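[1] Structure for this input, please:
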Amino acid sequence: MTLAFKRGGRGNLPALPAPPKDAPDPPGDIGEYAVEVWAGFWQTEVSGAVNMKRDGERLRYWIRCVDRRNHLWTHSDLDDWRVWKQVVDLTAAIERAEQQFGMGALNKMRLTGALDQAEAAEQSIKTRRDRRPVEA
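    Residues are numbered from 1 along each chain as shown. Below is the predicted model:
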């Protein structure tokens, strides 16, 4: 059962574009863990909404942050406050990107809710346009 998250309860949830058949190549300077995360993202529903020409730089930044944070987690002394600060800063950058790209259940709900609002606005414009009297 699919519910739209809008006032008034149930409604039609707009469909996201299908994920691409071939995922874009990950940046060449990331590690194995980040490559797996990159591949996993391209298998999600929300990846279909990504336009690499428009969003590619931000998405590559996100995966580099994921890679760097993983490196710090596995190869650094987390008792060093400077390393911990880097981990916190990277986590904040990752979370901002995840929100922007609709990763995670709550962020996906927000993204589809925004799409639902855009679809409703477009329908409202079409309805008003169709109601206008036609001048002969």
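[2] For this protein, which segments are assigned as helices?
    Assigned by DSSP state H, the chain shows helices spanning 32-41, 52-75, 81-100, 105-131.
[3] which one of those helices has the lowest average pLDDT?
    Among those, helix 105-131 has the lowest mean pLDDT, at a mean of 63.
[4] got the contact list for the nearest residue to residue 71 once chain neighbours are set aside?
    If the residues on either side of it in the chain are set aside, residue 71 comes closest to residue 31, at 6.7 Å by CB to CB, 6 or more residues apart in numbering. All C-beta spots, glycine's among them, are computed from the backbone N, C-alpha and C. Applying CB atoms under 8 Å, 6 or more residues apart in numbering to residue 31 gives the contacts 67, 70-71.
[5] got a winner among the residues you listed for most neighbours?
    The most neighbours of any of the contacts of residue 31, using other CB atoms under 10 Å, belong to residue 67, which has 22 neighbours.
[6] what about that residue, distance to residue 57?
    Counting by CB to CB, to the nearest Å, the separation of residue 67 from residue 57 is 16 Å.
[7] With residue 85 instead?
    25 Å.
[8] got the contact list for residue 27?
    Residues touching residue 27, when contacts are defined by CB under 8 Å, 6+ apart, comprise 60, 63-64.
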